[in-house]
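[1] using only what follows, build the 3D model:
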Amino acid sequence: MAKHGKTYRQIKAKAPEGTVELEAALSFLKENRAAKFDETVELGIRLGIDPRKSENAIRGSVSLPHGTGKAVHVVVFAAGEAAEAATAAGADDVGMDDLIEKVKGGWTDFDVAIATPDAMKEVRKLGRVLGPRGLMPNPKTGTVTDDTGAAVTASKAGKVEFRMDRQGNVNVPVGKLSFDGAQLVENTQAVLAAIRAEKPASAKGLFIKNCSVSSTMGVGVRVDLAD
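    Below you'll find the predicted structure:
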């Protein structure tokens, strides 16, 4: 079992033992930084649904009001006018056969992959490479579209994707510790609203069982969602 360093243990000793309001949880993270770099703040959620049932699959995207605080590397699988629109919107890599071969070789040094519907016939063949990394374009997240320019712009501006894992958890970045408290609160609330909107019609009982916020190297602080 990995051992935590001295800084982490000192922060852990000060962390709230129970749940606290979102504003207080984020303030604690900002006041107790665990690294010298600008850490990412992540929202972790445990859902109260059975992840084994296909009808309970939770996946979507949301545009953070204040962005993610990081440069987003976007690749686009497209040709013709859609490729030109993607390039004009600021996509980092645009192409078809050449780009597909590059990814097939194991290259995944990017954050978002977008594809036109026509391109998906070939892009689907990259499932073994893109799927495990959560990079496969999907209509539900707006990354399979003919409007590649708008998709690139949204991704660069701070759109993040979320999906439930096999244990029923969802983890989403909501900004950087350098953001002010209000920005982190608004970004987090936007993600929570988007996830609640994906609640399956068949779901019963408590949809969000618990949630917490944490920084890249810091501890997690549980959030009270009673409000």
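
[2] for residue 218, what are its contacts?
    8, 11, 29, 32, 33, 34, 35, 39 (CB atoms under 8 Å, 6 or more residues apart in numbering). C-beta coordinates here come from the backbone N, C-alpha and C atoms, glycine included.

[3] out of the residues you listed, which sit inside helices?
    8, 11, 29 (DSSP state H).

[4] about what we covered before: export the contacts of residue 218 to a markdown table and tack on neighbour count and distance to residue 165?
    Below are the contacts of residue 218 laid out as a markdown table (neighbours: other CB atoms under 10 Å; distance: CB to CB, whole Å):
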| residue | neighbour count | distance to residue 165 |
| --- | --- | --- |
| 8 | 16 | 24 |
| 11 | 21 | 26 |
| 29 | 24 | 23 |
| 32 | 19 | 27 |
| 33 | 18 | 27 |
| 34 | 20 | 24 |
| 35 | 13 | 25 |
| 39 | 19 | 22 |
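
[5] I'd say residue 152 and residue 114 touch.
    Yes: Residue 152 lies in contact with residue 114 (CB atoms under 8 Å); the separation is 6.5 Å.

[6] ok, these two, which is more surrounded?
    Using other CB atoms under 10 Å, the more surrounded residue of residue 152 and residue 114 is residue 114, with 28 against 25.

[7] following element in sequence after whichever strand or helix holds the more buried one, please.
    Taking DSSP states H and E as the definition, residue 114 sits inside strand 112-115. Where DSSP H and E defines the elements, the next helix or strand beyond strand 112-115 is helix 120-123.

[8] what segments of this protein are helices?
    Using DSSP H, helices in the chain cover 6-14, 22-31, 80-89, 97-104, 120-123, 127-130, 148-157, 181-197.

[9] the fifth one: which residues count as buried?
    This points to helix 120-123. Within helix 120-123, the residues that count as buried by 16 or more other CB atoms under 10 Å are 120, 123.

[10] for the contacts of residue 218, could you give me CSV that also reports pLDDT?
    Shown next, in CSV, are these (pLDDT from 0 to 100):
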residue, pLDDT
8, 92
11, 94
29, 97
32, 96
33, 95
34, 93
35, 93
39, 96
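
[11] could these go into TSV alongside distance to residue 93?
    Shown next, in TSV, are the contacts of residue 218 (distance: CB to CB, whole Å):
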residue	distance to residue 93
8	37
11	39
29	34
32	38
33	34
34	33
35	30
39	27
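
[12] between residue 152 and residue 114, which contacts overlap?
    74, 76, 86, 91.

[13] residue 114 is in contact with the first one, correct?
    Yes: A contact is recorded between residue 74 and residue 114 when judged using CB under 8 Å, the distance being 6.6 Å.

[14] measure stretch 209-226 end to end?
    11 Å (CA to CA, to the nearest Å).

[15] what's the spacing between it and its chain's center?
    Centroid separation between stretch 209-226 and its chain, computed with CA atoms, centre = their mean, to the nearest Å, is 16 Å.

[16] also stretch 41-53?
    Worked out by CA atoms, centre = their mean, stretch 41-53 lies 13 Å from the chain centre.

[17] and stretch 9-26, by the same measure?
    Worked out by CA atoms, centre = their mean, stretch 9-26 lies 23 Å from the chain centre.

[18] next: stretch 177-194.
    Counting by CA atoms, centre = their mean, stretch 177-194 comes out at 13 Å from the chain centroid.

[19] pull out the buried positions in that stretch.
    Neighbour count says stretch 177-194 has 177, 179, 183, 184, 185, 187, 188, 190, 191, 192, 194 buried, by 16+ other CB under 10 Å.

[20] what about it, average pLDDT?
    For stretch 177-194, mean pLDDT is 96.
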